[in-house]
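In: Below are the sequence and a predicted model; questions follow.
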Amino acid sequence: MISLRDVNRSFGDHRVLKDISFDIRPGRMTGFVGGNGAGKTTTMRIILGVLTPDSGSVEVDGAPITPGYRANIGYMPEERGLYPKMQILDQLVYLARLHGKTQKEATANAQGLLERLGLGERMKDPLEDLSLGNQQRAQIAAALVHDPVALILDEPFSGLDPVAVDTTVEVLRDVADSGAPVLFSSHQLDVVERLCDELVILADGQVHAQGTRQELLASATEPEWELHVDADTGWVRDTGVRVQAFDGGRVRFAASSPEQANQVLAEAQRRGTVHHFGQTSRTLHEIFKETIQ
Ligand SMILES: Nc1ncnc2c1ncn2[C@@H]1O[C@H](COP(=O)(O)OP(=O)(O)OP(=O)(O)O)[C@@H](O)[C@H]1O
């Protein structure tokens, strides 16, 4: 398990990270979300040792992280780092060899990953001949080619089409399933919602929430219900519940108890036909917006 403990970092007078503490658990995909400039990349660079914290520490299983462990992390930096003019396969083999793989292992890993990520036909092409999305896939392969002990990925899904997102999700899930801790940042909250086991929400350099999605849901405010009826639902506003969204015959509201929600249902039935009534699960998007407000 990789742990950050009370990490602080400033650039000049700008205090970018304020007492950041969270865990990246083995075998789990941890999504790292936060608005632009929240400090995600800075945090990742500190984990990798590219930047040093002003105070605080990065630990692996309770001991200070070592250069040897860091060297074996698969890192996909925000500024992508492959050579534009070099063949993709050659680059990946080269990277894997730098991490101590034999030529045979390196070639097998590189070819296997490129096939899985849909670049099997392009592996002899120089990177610069590929579309941006395909270059992105090659960058993902580069982070994985040496069988990393952990993955730290800065926006791995940006620029990928939906099919490539799905393929990448599968590949990353396999790495997590093998027992590696995986941290990835993303602004695509729908993808984060689908993929992550745990979430860390950063805002203004602080961890505003962390835990599994269920834990974050449980810590959120009141549960919500949805009601679909034939007629206008404007009357729901007068029942004492908190209306969250309203569109003619459809309304979503927060109630303090199931009994209070059922009183709304009873009133709806008294007024006409009810098409749907049920508790809804909140989206990560909503949790995120509430958390950083
Ligand atoms: N080397 C640096 N020198 C000065 N300021 C920096 C440096 N690196 C980052 N910052 C500042 O630190 C803050 C956090 O930046 P960071 O890149 O970590 O955020 P982020 O959450 O990754 O943002 P985004 O989602 O936009 O990529 C920003 O205000 C940024 O300008």
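Out: Yes, it's here. Residues are numbered from 1 along each chain as shown.

In: can you pull the buried residues of the host helix or strand of A108?
Out: Assigned by DSSP states H and E, A108 belongs to helix 103-116. The neighbour-count check on helix 103-116 (16 or more other CB atoms under 10 Å) flags 105-107, 109-111, 113-114, 116 as buried. C-betas here are computed from N, CA, C, even on glycine.

In: same deal with stretch 262-274?
Out: For stretch 262-274, using 16+ other CB under 10 Å, the buried residues are 264-265, 268.

In: one step back: quick check: mean pLDDT across the helix holding A108?
Out: Across helix 103-116, pLDDT averages out at 95.

In: do stretch 135-152 as well
Out: Mean pLDDT, stretch 135-152: 94.

In: hey, where'd the helices end up in the stretch 51-200 of the chain?
Out: For the stretch 51-200 of the chain, helices defined by DSSP state H, counting those that start in this stretch occupy the ranges 67-71, 88-98, 103-116, 132-144, 162-177, 189-195.

In: Show me what the fifth one is in contact with.
Out: Applying CB atoms under 8 Å, 6 or more residues apart in numbering, the external contacts of helix 162-177 come out as 27-29, 74, 113, 116-118, 133, 136-137, 140, 144, 148, 151, 153, 156-157, 160, 182, 184, 188, 191, 194-195, 197.

In: on that earlier part again, relative to the ligand, which of the buried residues of stretch 262-274 is nearest.
Out: V264 (39.8 Å; CB to the nearest ligand atom).

In: any idea which element that closest one lies in?
Out: Element membership of V264 [criterion: DSSP H and E] is helix 258-271.

In: Neighbours of D90, how many?
Out: Other residues near D90 come to 15 when the count uses other CB atoms under 10 Å.

In: same question, G37
Out: G37 has 12 nearby residues by other CB under 10 Å.

In: That one belongs to a helix?
Out: No. Assessed by DSSP: H, G, I helix; E, B strand; the rest coil, G37 does not belong to a helix; its assignment is coil.
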